[in-house]
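Peer 1: need coordinates for the following:
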Amino acid sequence: MATGRTHRPATRSRGIPEATVARLPLYLRALTALSERSVPTVSSEELAAAAGVNSAKLRKDFSYLGSYGTRGVGYDVEYLVYQISRELGLTQDWPVVIVGIGNLGAALANYGGFASRGFRVAALIDADPAMAGTPVAGIPVQHADELEKIVTDNGVSIGVISTPAGAAQQVCDRLVAAGVTSILNFAPTVLSVPDGVDVRKVDLSIELQILAFHEQRKAGEEAVGGSSVDPAAPPVRAATDSSRKGPDGDVPAVMPA
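Peer 2: Take a look at the predicted model:
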């Protein structure tokens, strides 16, 4: 099996849009589930529903891969699994290093989904000398002083950063200088990288804040929906006493839409 240093996915050179690339893993996950159930073919509608997209978008995405399916039959599941895996570069071995083996780093090291998708955790790295030699997920943690040697010896091109925010940029710089060209960043900070280096950021707190926004909006809609105010009643005039004044003047009793 080839290693991550010998091949780069051809998606960019073939002109596949980034939005399509972002959906390919969704299709692959749905197709893998179908394959495990020995389903031989699938329609665009069925696969789109399983992946959470509309069927027209799916067919457009697959046209970039040269896959058009067969009218009345659909798509061959096994062939699509192979085709998408090849396009994503998953038909080869990608050695990965995880830097920062705290709670999150340890959880990532123990995640079984990496190996099944072609990502081999080649090394775990931490700056704490007390962590050196400690096995996590069966892999001994190595000290950060060895980072460059570890990257070179294992032919690593993908690095995962799960350090505190204050250490992330320095770790990123060292990874890039050692030859890493793709970084998955779990640290709550924005990384600066040179051209030719790809960064994907995963920030769980941001995702939770977005969910909180939607929850607040839904709660507000429910409150409005349960209000006893007669929608046909005339609007309430703005109060004029000083207790209703804000920094920009009078605060209207009913804000404009």
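Peer 1: any idea how far Ile161 is from Ala144?
Peer 2: Applying Cβ to Cβ, to the nearest Å, one obtains 12 Å for the distance of Ile161 from Ala144. For the C-beta atoms, the positions are set from N, CA and C on the backbone; glycine is no exception.
Peer 1: anything in contact with each of those two?
Peer 2: Residues touching both Ile161 and Ala144 comprise Val99, Val171, with contact defined as Cβ atoms under 8 Å, 6 or more residues apart in numbering.
Peer 1: helices along the protein, start to end?
Peer 2: Per DSSP state H, the chain has helices spanning 18-36, 44-51, 55-65, 77-87, 103-109, 113-116, 147-154, 165-178, 204-225. These are given in chain order.
Peer 1: which of the residues in the first one are buried?
Peer 2: What that stands for is helix 18-36. Buried residues in helix 18-36, defined by neighbour count with 16 or more other Cβ atoms under 10 Å: Thr20, Val21, Arg23, Leu24, Leu26, Tyr27, Leu28, Ala30, Leu31, Thr32, Leu34, Ser35.
Peer 1: per-residue pLDDT of the nearest residue to the fifth one once chain neighbours are set aside, please?
Peer 2: Which is Leu26. Of all residues not flanking Leu26 in the chain, Ala51 sits nearest, at 4.4 Å (Cβ to Cβ, 6 or more residues apart in numbering). Here the pLDDT value assigned to Ala51 is 96.
Peer 1: ditto for Ala10
Peer 2: On the pLDDT scale, Ala10 is placed at 41.
Peer 1: ditto for Arg71
Peer 2: 82.
Peer 1: state the distance from it to Gln83.
Peer 2: As for Arg71, its distance to Gln83 is 19 Å (criterion: Cβ to Cβ).
Peer 1: neighbour count: the two, which is higher?
Peer 2: Gln83 (20 against 6; other Cβ atoms under 10 Å).
Peer 1: would you confirm that the more buried one contacts Gly69?
Peer 2: No: contact status for Gln83 versus Gly69: not in contact, 11.7 Å apart, counting by Cβ atoms under 8 Å.
Peer 1: now do stretch 187-197: distance from first to last residue.
Peer 2: For stretch 187-197, the separation between the terminal residues is 17 Å (Cα to Cα, to the nearest Å).
Peer 1: just stretch 184-192 next, same as before
Peer 2: End-to-end distance of stretch 184-192 (Cα to Cα): 13 Å.
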